[in-house]
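**Q** Turn this into a structure:
(3 chains)
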Amino acid sequence: MANTAHVHAAAPAGETRRDFLLYATTGVAAVGGAMMVWPLIHSMNPAADTLSLSTTEFSVAGIPEGSRIIVVWRGSPVFVAHRTAAEIEAARKVNVSELRDQEKDEVRVQKPEYLIVSGVCTHLGCIPLGVKATDPKGDFGGWFCPCHGSQYDTSGRIRLGPAPKNLAVPPYKFTGDTVLIG
Amino acid sequence: MSTEKTRLQRIFEWHEARLPLVSFVDHAVGTKYPAPKNLNYFWNFGFLAGFMLMTMIMTGLFLAMNYTANVNMAFDSVERIMRDVNFGWLIRYMHFNGASFFFIVVYIHVFRGLYYGSYKSPREVLWWIGVIIMIVMMATAFMGYVLPWGQMSFWGATVITNLFSVIPVVGKMITTLLWGGFSVDNPLLNRFFALHFLLPFVILGLVFLHIWALHIPGSNNPLGIDVAPGDKIPFHPYYTAKDAFGLGVFLLAYFTMVFWFPNALGDPVNYVKANPLVTPASIVPEWYLLPFYAMVRSIPNAVIGVAAMFGSLLVLFAVPWLDTSRIRSATFRPIYKILFWVLLANMVMLGWCGAQHPEGLPLVLSRIGTFWYFFHMFILLPVVGWIETPKPLPASINTPALKPAE
Amino acid sequence: MRKVLFGAVAALAFAAAPAVMGAEEEIHLPKQEWSFNGVLGKFDKQQVQRGFQVYKEVCSACHSVQYLAFRNLQDLGYSEAQVKTLAATYEVQDGPDENGDMFKRKAKASDHIPKPFANDQAARAANGGSLPPDLSLMTKAREGGPDYVYNLLLGYEENPPAGVTLMPGMNYNKYFPGHQIAMAKQIQDGLLEFADGSPNDAAHIAKDVTAFLHWVAEPKLEARHDTGVRVILYTLLFTILAYIAKRQIWSRIEH
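**A** Next up is the predicted model:
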């Protein structure tokens, strides 16, 4: 204490009680402050309107065999490919044990002719090329990411380049030709 | 006890030797700041003002993350904050009511300074910085009120920016510059948002200067006399403990408004989106600007009215010299004490007038009030200082005055 | 309550009705009991549901509630499936499609309840030049709040008092500022049958729809009250502790 001129000699028992009081008060204040921080931080999480927009509905009826489209789900692209028989076969004959992220094509599709995968490269979030007919599709006939050269096959699995994971499969369900993502 | 220093202590001392942060805080508001031991609860309001500044900056930051400064989207973005953003309603109501409570605290702080003569030598610069802070606060609050882009936001902005147009020669240029166009519109909303974000940090900087200027002479006290070093106690733990209790009481009032009467201090019309073609039935500023609004409307000549409004604030800079008494505390100044309460009542009356239509009784009262304000500042303050016989001052804050102070 | 008069569905023709009365007079609003008032006030969900029915069947012909989304109705106790089904009965404009055309589709839970008119001009054209205001914030945007809205709905007089000449297309209302309101009296005894069989006299209908409008204006009211009680109790604990601690610390010195 800087200034002890006016301090009474306090009994040791009083000292302990006072210490407890100070700790209790400081503790309650600190916890209160921390509780006030949570609403501020939580306000940065997705808001109710953002969360409610988390489904996307579209129809695969208009996609010709062999072509691909992009639909937007939660603000990011989802690739939808109407695969040819050759593309399906190419995806299925791969030896899964040689892959970086080992997944069979069968578990990545609900209907073999329609591949629905996230259009976000698992490396650093770029959008791989391969939707337009004129796009480069890489050595494996799937998608090619222009940022760092990751190459995906016709099942959207990573085959070459820096990306660690296959293109993610979003949750979706078919009702006839209509697909509901999310 | 061992004199051996722990590793942690040595790291701490190494750092303090290079940047004495802890020592700085300790000298500012800690054990190394000796404060008079007789400060009453009115001395809590400086701390509370600092607390509200931080509350406003924190809630404002997170509001800004969700707000859109565009005339077509501002109102909707505020409603989205109220409805969809997690705890958005809480953050906005805290910010909105926080402005009022910030002003309550600062106004009490200012009137405490006026009552106890805290503006007198050697604290004139401390007082000046305080006046600047209050003026910048008013500007910040006004611009913040524009942001939701409700009817009162829009028309308040229109009326207040038009005030500048009466300034001779440059008036029209100033309003055009403020508007960035030919009326209150998107450019104004954008720049007000930018300024509303910036100015709180200017205030924060001014608060540092304010505290610095406070530490040169040290705190004034209810008796207004110089305090012997032996009659001072360390700020921490004595005044930190007292401030903590005061904060609790203050928060109870603040939270009661936020959680049960969140819109009581606001104007319902501001829940109607701005409409440049329809003026609301009456345009009134928020309560904390009402006394000054009453002054500007009390004078028929627009130029003099605006001059009176700004002058009422600027005159505060001269108060340390207009008050000719060398006695600080009103406790020992029987006439000044009465004048102080009359001035306070006068401000409250002006505030009431500011909320009424400027006609009939309110107009008469606001003229009397405006006159009295300047009469108090320019005539009564110096004259009373000369003619008043103060009560005898105590020799120290420990000894009672010859006659017991009431 | 004056039995003679029965009011109109919430609508206060803000921009439309010119205030003819020169001098302002104090209008006394009889205060009502509301479940959402008080320290722990909550919405009566059944009542608000009934109010929504009134809005849907009566008010929505002219008035929008632009900040209300179908998903919000789940807070009233409707299930997700009920909300989706309800939403699907509305059509909203979406687009453009791949041909660049705008198209109509069934509304989703995330959509806001469609407005009755495409824009303000269309709304004015259909209402004799008066704009039926959006009702999302009505109970917060008028002096008197829910009490005002309730009384206004019931405050119509068929014959204006002597000396008052109504402008063409205007109606006399005791509680409307200036007393001349573009909206005609809407709420009558037996105007509709409530799904839950509740009383459907004009006073009950007005009360229910006002409760609904207050829920639309202040949907976080219950969370606010609940959080408030917790925060106040905690702050009280802190204040008491701080007071005792302050007394302890200050007991060390003479002062």
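
**Q** okay, CA-based contacts and neighbour counts for the rest of this
**A** Fine.

**Q** What residues of the strand or helix carrying A:Y23 count as buried?
**A** For A:Y23, the host element (DSSP states H and E) is helix A:12-42. Using 16 or more other C-alpha atoms under 10 Å in any protein chain shown as the test for burial, helix A:12-42 gives A:R18, A:L21, A:L22, A:A24, A:T25, A:T26, A:V28, A:A29, A:P39, A:L40.

**Q** If you count contacts, what does it end up packed against?
**A** For helix A:12-42, the packing partners by 3 or more C-alpha pairs under 8 Å, 6 or more residues apart in numbering or on different chains; DSSP states H and E come out as helix B:88-115, helix C:221-250.

**Q** so after the first one, what's the next helix or strand?
**A** Heading C-terminal from helix B:88-115, the first helix or strand you meet, by DSSP H and E, is helix B:124-146.

**Q** angle of that next one against helix B:88-115?
**A** Going by axes from the mean of the first three to the mean of the last three C-alpha atoms, to 10 degrees, helix B:124-146 is angled at 150 degrees with respect to helix B:88-115.

**Q** Of the helices and strands packed on helix A:12-42, which stretch is the most buried?
**A** Among the helices and strands packed on helix A:12-42, the stretch with the highest mean neighbour count (mean count of other C-alpha atoms under 10 Å in any protein chain shown) is helix B:88-115, at a mean of 21.

**Q** can it be found next to chain A?
**A** Yes. Shown here: helix B:88-115 in contact with chain A (C-alpha under 8 Å from any C-alpha of the partner chain) through B:G88, B:L90, B:I91.

**Q** Is it possible to get JSON lines of those that adds distance to chain C?
**A** Shown next, in JSON lines, are the residues of helix B:88-115 next to chain A (distance: C-alpha to the nearest C-alpha, whole Å):
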{"residue": "B:G88", "distance to chain C": "10"}
{"residue": "B:L90", "distance to chain C": "7"}
{"residue": "B:I91", "distance to chain C": "11"}
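
**Q** Could I get the phi/psi values of the closest residue to A:V117 other than its chain neighbours?
**A** Of all residues not flanking A:V117 in the chain, A:V169 sits nearest, at 4.6 Å (C-alpha to C-alpha, 6 or more residues apart in numbering or on different chains). Phi and psi for A:V169, reported as degrees, to the nearest 10, are phi -100, psi 120.

**Q** For B:R333, give me phi and psi.
**A** Dihedral pair for B:R333: phi -130, psi 90, per degrees, to the nearest 10.

**Q** Off-centre distance for stretch B:99-109?
**A** Centroid displacement of stretch B:99-109 relative to its chain, using C-alpha atoms, centre = their mean, to the nearest Å, is 5 Å.

**Q** Please work out the average pLDDT along it.
**A** The predicted model assigns stretch B:99-109 a mean pLDDT of 98.

**Q** Ok, stretch C:201-216 next?
**A** Averaged across stretch C:201-216, pLDDT comes to 97.

**Q** which residues sit against that stretch?
**A** By C-alpha atoms under 8 Å, 6 or more residues apart in numbering or on different chains, the residues outside stretch C:201-216 that reach it are C:6-7, C:9-10, C:34, C:43, C:47-52, C:54-55, C:65, C:67-68, C:135-140, C:146, C:149-150, C:153-154, C:187-191, C:221.

**Q** And the residue of the stretch 51-200 of chain C closest to chain B?
**A** C:A141 (4.3 Å; C-alpha to the nearest C-alpha).

**Q** and the buried residues of helix A:12-42 as a markdown table, adding distance to B:D323 and pLDDT?
**A** A markdown table is the format used below for the buried residues of helix A:12-42 (distance: C-alpha to C-alpha, whole Å; pLDDT from 0 to 100):
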| residue | distance to B:D323 | pLDDT |
| --- | --- | --- |
| A:R18 | 45 | 72 |
| A:L21 | 45 | 89 |
| A:L22 | 43 | 89 |
| A:A24 | 47 | 93 |
| A:T25 | 43 | 93 |
| A:T26 | 43 | 94 |
| A:V28 | 45 | 95 |
| A:A29 | 42 | 95 |
| A:P39 | 48 | 96 |
| A:L40 | 46 | 96 |
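
**Q** With respect to B:E16, which of these is nearest?
**A** For those, the minimum distance to B:E16 (C-alpha to C-alpha) is 24.7 Å, reached by A:T26.

**Q** That closest one: what's it in contact with?
**A** Going by C-alpha under 8 Å, 6+ apart, A:T26 touches no other residue.

**Q** give me that answer again for 10 Å
**A** A:F20, A:G32, B:A241, B:A244, C:F238, C:L241, C:A242, C:A245 (C-alpha atoms under 10 Å, 6 or more residues apart in numbering or on different chains).

**Q** Looking at those residues, spot the one nearest B:F51.
**A** For the contacts of A:T26, the nearest to B:F51 is B:A244 (10.9 Å; C-alpha to C-alpha).

**Q** Not counting its neighbours along the chain, what's nearest that closest one?
**A** Counting by C-alpha to C-alpha, 6+ apart, the nearest residue to B:A244 once its immediate chain neighbours are dropped is C:A242, at 6.1 Å.

**Q** And the one you found, how close does it get to A:F20?
**A** Going from C:A242 to A:F20 by C-alpha to C-alpha, to the nearest Å gives 12 Å.

**Q** likewise C:L236?
**A** 19 Å.

**Q** cool, B:A157 as well?
**A** 53 Å.

**Q** try A:P46
**A** Relative to A:F20, and taking C-alpha to C-alpha, A:P46 is found at 41 Å.

**Q** likewise C:D196?
**A** 58 Å.

**Q** go on, A:V107?
**A** Distance from A:V107 to A:F20, counting by C-alpha to C-alpha: 61 Å.

**Q** would you turn the helices and strands packed on helix A:12-42 into a markdown table with distance to B:T175?
**A** Shown next, in a markdown table, are the helices and strands packed on helix A:12-42 (distance: least, C-alpha to C-alpha, whole Å):
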| stretch | distance to B:T175 |
| --- | --- |
| helix B:88-115 | 26 |
| helix C:221-250 | 41 |
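
**Q** what are the ranges of the helices in the stretch 1-150 of chain C?
**A** C:45-57, C:80-88, C:120-126, C:138-141, C:145-154 (DSSP state H, counting those that start in this stretch).

**Q** For B:F182, give me its contacts.
**A** Counting by C-alpha under 10 Å, 6+ apart, the residues that B:F182 touches are B:T175, B:T176.

**Q** So it versus B:G144, what's the distance?
**A** 21 Å.

**Q** just B:P168 next, same as before
**A** Counting by C-alpha to C-alpha - B:P168 and B:G144 are separated by 28 Å.

**Q** most centrally placed residue in chain C?
**A** Chain C has C:L213 as the residue nearest its centroid, 2.1 Å off, counting by C-alpha atoms, centre = their mean.

**Q** Give me the secondary structure label for that residue.
**A** helix (DSSP: H, G, I helix; E, B strand; the rest coil).

**Q** So for B:P168 and B:G144, which sits in the more crowded spot?
**A** For B:P168 versus B:G144, neighbours defined as other C-alpha atoms under 10 Å in any protein chain shown are more numerous around B:G144 (22 against 9).
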